[in-house]
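[1] Quick check, what structure comes out for this input:
(2 chains)
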Number of protein chains: 2
Amino acid sequence: MLPSLAERVRAGDVRAIARAISLIEDEAESAAGLVRDIFPHTGQTYLVGVTGPPGAGKSTLVDRLTTVTRAADETVGVICVDPTSPFTGGAILGDRLRMQAHAHDEQVFIRSMATRGHMGGLARATSDAALVLDAAGKSLVIIETVGVGQDEVDIVRTADISIVVLVPGTGDDVQALKAGIMEIADIFVVNKCDRDGADRMVTSIESNLALQAYGDGQWRPPIVKTEATTGHGVAELWATVQQFRAHSQSARTRRLKARNEFRLRDLLTHRFMEMVERDLLAAGEFDALVARIAAREVDPYTAASEILSRALKSRTK
Amino acid sequence: MLPSLAERVRAGDVRAIARAISLIEDEAESAAGLVRDIFPHTGQTYLVGVTGPPGAGKSTLVDRLTTVTRAADETVGVICVDPTSPFTGGAILGDRLRMQAHAHDEQVFIRSMATRGHMGGLARATSDAALVLDAAGKSLVIIETVGVGQDEVDIVRTADISIVVLVPGTGDDVQALKAGIMEIADIFVVNKCDRDGADRMVTSIESNLALQAYGDGQWRPPIVKTEATTGHGVAELWATVQQFRAHSQSARTRRLKARNEFRLRDLLTHRFMEMVERDLLAAGEFDALVARIAAREVDPYTAASEILSRALKSRTK
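    Have a look, this model is predicted:
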């Protein structure tokens, strides 16, 4: 008998990994079964989340970090969460460019995710893709996100470590700090640190941190200056990641819980909606209801209640 | 009898509007009833979505646009979607600063939304707050979002018009274009157009647009150069908004449908999860299930299926 896709993924077969992630991205029927099969064999990977505003140089930084971690004998998977649509074609082109640096290294797998489904499709696909790389034996999985949306923050927030990359010289330090990513950072990176304003940005982050009370033994996010294009500071960044990892076993347990809770909630709502549209409502009924809402004949809260009471065993309030 | 909150909102009472939006932000029980009551009286507002990367000067631009539209006798509501947490306190501080410019104008209402609930809480709160301003008789509601996350893109994408604000000089034009917001723009704004690189950015957007095929009579997103700090170009931006409005009645109908569909889906899943946690599961059962997933005793797909079949009248596959 030929080995199943799950078995080939577990053996680290690069083409099987790519195929598995494509199934997940396409929300194929078979994706759920695949995740079921590999799930018992996951949980070993250390998950690194990297986020920051567009233009901060995250891609280059992650490439350099990959090189450094490979030298330290880690096996590495990279998932780049890029909400670029087929219009710009950025995701696929980006992958090709980025793969070149590690093209001859079987132990590095780089993949962009560009699914843009309803209701957190991207977050779901990303965390399932991380499971695939976990099952395939990657010791380190780096998830890199563009932007600061809620889905993306949720992805990074529940990683084992969250790295926030900022960049000086936009003239708007405060804007970067306003972006809602300050409080999720375990490590701050000020990238492009050769630019004017790098020290000012470090000071700015320091004053924000000073507003927080850190208890004895509590991790206080360090600030690492890097210049990703030359590789400057990247080894220090990796050393800092390892310090956090040694320091924060309890944080890891807490985040693993948050990750699994997020996943269960997301799956429940996603499959509930599938059931409503496929089994409960007649063809065209959902659209007709939306049209009645648009015409102000019914309000959305009442419409939702009616569907729920048809779907559920017990009536809800 | 005292007038109800919904009645006071409809009368345009500023304190009632503020109170109503707070109820929505806090996900108070009474918020659903409020939206039910005002819903039949909504649908008149023209909804303007403004998005772009942090540091693009969106806040200043929206302030200037408010001034211009007030001079044109529009009544204006502004909702600033800012995922800033209580840690930085940005939202509240920002509101106070921003309100000052329009402090003596009863016809302008400015509010930041900072809720960060599970599963699209921010998008739900934002669209309900827009309904409140709609019911209060604002002829124009501007929703301004920081960042490029999926929730935020969904908010802007389903507005009646979407304005994407970009800024030259970050040295990474391509990054801004990669941010997944290109294809939602009805109008591009290149703000801070006095900076070096403004013309290069315009060219860069033009070449992206050139990849798209626009049919006869189809709206081709124009590019407006502004300098929000001086107000330069803001009147032209407003004229362009009005051109789009006159041009695109069919687009408006389509987006109103998308908005209502988004709202119905979101409410359904949100209330389904409420029911699962409040009525279906015993106290602590959800957490216990999450712990079993973390321990790899059960996979999330199987766990979700079991909960679903307990909740639903008919079995799902």
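
[2] what residue ranges in chain A score low on pLDDT?
    A:54, A:82-101, A:103, A:114-120, A:146-152, A:169-182, A:314-317 (pLDDT under 70).

[3] The one residue sitting closest to the centre of it: what's it in contact with?
    For chain A, the residue nearest the mean C-alpha position is A:Ile155 (3.9 Å; C-alpha atoms, centre = their mean). Contact analysis of A:Ile155 by C-beta atoms under 8 Å, 6 or more residues apart in numbering or on different chains lists A:49, A:81, A:123, A:126-127, A:143, A:145. Glycine gets a C-beta too; all of them are placed from N, C-alpha and C.

[4] hmm, try it at 10 Å
    The contact partners of A:Ile155, by C-beta atoms under 10 Å, 6 or more residues apart in numbering or on different chains, come to A:47, A:49, A:51, A:79, A:81, A:120, A:122-123, A:126-127, A:130, A:143-145, A:149, A:162, A:259, A:262.

[5] Likewise for A:Ala11?
    By C-beta under 10 Å, 6+ apart, the neighbours of A:Ala11 are A:3, A:17, A:135-137.

[6] got it, and A:Ile187?
    By C-beta under 10 Å, 6+ apart, the contact list for A:Ile187 reads A:48, A:50, A:161-165, A:219, A:221-224, A:237, A:240-241, A:243-244.

[7] Could you do A:Tyr301 as well?
    B:31-36, B:39, B:128, B:263-264, B:267, B:271.

[8] next one: A:Glu277
    Counting by C-beta under 10 Å, 6+ apart, A:Glu277 has contacts A:283, A:285-286, B:265.

[9] and if we set it to 8 Å?
    A:Phe286.

[10] how far away is it from B:Asp73?
    For A:Glu277, the distance to B:Asp73 (C-beta to C-beta, to the nearest Å) stands at 44 Å.

[11] same check, this time on A:Leu268
    Per C-beta to C-beta, A:Leu268 is found 48 Å from B:Asp73.

[12] Cross the contacts of A:Ile187 against strands and list the overlap.
    Using DSSP state E, the subset of the contacts of A:Ile187 located in strands is A:48, A:50, A:161-165, A:223-224.

[13] which one among those gets closest to A:Leu312?
    Lowest distance from A:Leu312 to the ones in strands among the contacts of A:Ile187 (C-beta to C-beta) belongs to A:Ser162, with 37.1 Å.

[14] where does the spatially closest residue to A:Thr42 that is not a sequence neighbour land in three-state SS?
    Excluding the flanking residues, the one nearest A:Thr42 by C-beta to C-beta, 6 or more residues apart in numbering or on different chains is A:Asp134, at 4.2 Å. What DSSP: H, G, I helix; E, B strand; the rest coil gives for A:Asp134 is helix.

[15] the strands in chain A, which residues?
    Under DSSP E, chain A gives strands at A:46-51, A:76-81, A:108-113, A:140-145, A:161-166, A:187-190, A:223-225.

[16] What ranges does chain A have for its helices?
    When secondary structure is read from DSSP state H, chain A shows helices at A:5-10, A:14-25, A:29-38, A:58-71, A:90-99, A:121-135, A:150-157, A:173-178, A:198-210, A:234-247, A:249-275, A:285-294, A:300-311.

[17] Output those helices in TSV; the columns should cover distance to B:Asp105.
    Below are these laid out as TSV (distance: least, C-beta to C-beta, whole Å):
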stretch	distance to B:Asp105
helix A:5-10	61
helix A:14-25	49
helix A:29-38	53
helix A:58-71	42
helix A:90-99	42
helix A:121-135	40
helix A:150-157	32
helix A:173-178	25
helix A:198-210	33
helix A:234-247	49
helix A:249-275	41
helix A:285-294	32
helix A:300-311	31
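
[18] closest to B:Glu206 out of those helices?
    helix A:90-99 (17.6 Å).

[19] returning to what we had before: the residue nearest to A:Thr42 reaches A:Pro40, doesn't it?
    No: applying C-beta atoms under 8 Å, one finds A:Asp134 not in contact with A:Pro40, separated by 11.3 Å.

[20] And chain A, what are its domain boundaries?
    A:40-247, A:261-316 (automatic domain parsing).

[21] Of these, which stretch is the most buried?
    Of all those, domain A:40-247 has the most neighbours on average by mean count of other C-beta atoms under 10 Å in any protein chain shown, namely a mean of 20.

[22] first vs last residue of that domain, how far apart are they?
    27 Å (C-alpha to C-alpha, to the nearest Å).

[23] Now for A:Asn191: which residues touch it?
    A:52, A:56-58, A:61, A:165-167, A:226-228.

[24] try it again with 7 Å
    Residues counted as contacts of A:Asn191 (C-beta atoms under 7 Å, 6 or more residues apart in numbering or on different chains) are A:56-57, A:61, A:165, A:167, A:226, A:228.

[25] For A:Leu2, give its distance to A:Arg36.
    Distance from A:Leu2 to A:Arg36, by C-beta to C-beta: 19 Å.

[26] Give me the more crowded residue out of these two.
    Between A:Leu2 and A:Arg36, counting by other C-beta atoms under 10 Å in any protein chain shown, A:Arg36 is the more crowded of the two (16 against 6).

[27] ok, the more buried one touching B:Asp299?
    Yes: under the criterion of C-beta atoms under 7 Å, A:Arg36 makes contact with B:Asp299 at 4.9 Å.

[28] near chain B, which residues of the stretch 201-317 of chain A?
    Residues of the stretch 201-317 of chain A lying close to chain B by C-beta under 7 Å from any C-beta of the partner chain are A:208, A:256-257, A:260-261, A:263-265, A:267-269, A:271-273, A:275-276, A:279, A:289-290, A:293-294, A:296, A:299-304, A:307-308, A:311-314, A:316.

[29] just to revisit the earlier point, tabulate the contacts of A:Ala11 (CSV), appending distance to B:Arg195.
    Below are those laid out as CSV (distance: C-beta to C-beta, whole Å):
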residue, distance to B:Arg195
A:Pro3, 57
A:Ile17, 44
A:Ala135, 48
A:Ala136, 46
A:Gly137, 48
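
[30] Show the contacting residues for A:Glu227.
    A:192-194, A:233.

[31] same thing with A:Met113?
    Shown in contact with A:Met113 (C-beta under 7 Å, 6+ apart): A:25, A:79, A:81, A:122, A:125-126, A:129.

[32] can we see that at 8 Å?
    A:Met113 neighbours (C-beta under 8 Å, 6+ apart): A:21, A:25, A:79-82, A:91, A:122, A:125-126, A:129.

[33] now, which of those sits nearest B:Val68?
    Using C-beta to C-beta, the contacts of A:Met113 come closest to B:Val68 at A:Asp82, 35.3 Å.

[34] looking at it, A:Val189 is touching A:Leu61, isn't it?
    Yes: checked against C-beta under 8 Å, the pair A:Val189 and A:Leu61 is within contact range at 6.9 Å.

[35] Kindly export stretch A:270-281 (C-alpha atoms) in PDB.
    What follows is stretch A:270-281, C-alpha atoms only, in PDB (Å, rounded to 0.1, in the frame of the first residue of the first chain):
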ATOM      1  CA  HIS A 270     -17.000  27.700  10.800                       C
ATOM      2  CA  ARG A 271     -18.700  24.300  10.800                       C
ATOM      3  CA  PHE A 272     -21.900  25.700  12.200                       C
ATOM      4  CA  MET A 273     -22.200  28.100   9.300                       C
ATOM      5  CA  GLU A 274     -21.400  25.300   6.800                       C
ATOM      6  CA  MET A 275     -24.300  23.300   8.300                       C
ATOM      7  CA  VAL A 276     -26.700  26.300   8.300                       C
ATOM      8  CA  GLU A 277     -26.000  27.000   4.600                       C
ATOM      9  CA  ARG A 278     -25.800  23.500   3.400                       C
ATOM     10  CA  ASP A 279     -28.300  21.600   5.400                       C
ATOM     11  CA  LEU A 280     -30.700  23.900   7.200                       C
ATOM     12  CA  LEU A 281     -31.600  26.600   4.700                       C
END
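
[36] Report the distance from it to the chain centre.
    Computed by C-alpha atoms, centre = their mean, to the nearest Å, the chain-centroid distance of stretch A:270-281 equals 26 Å.
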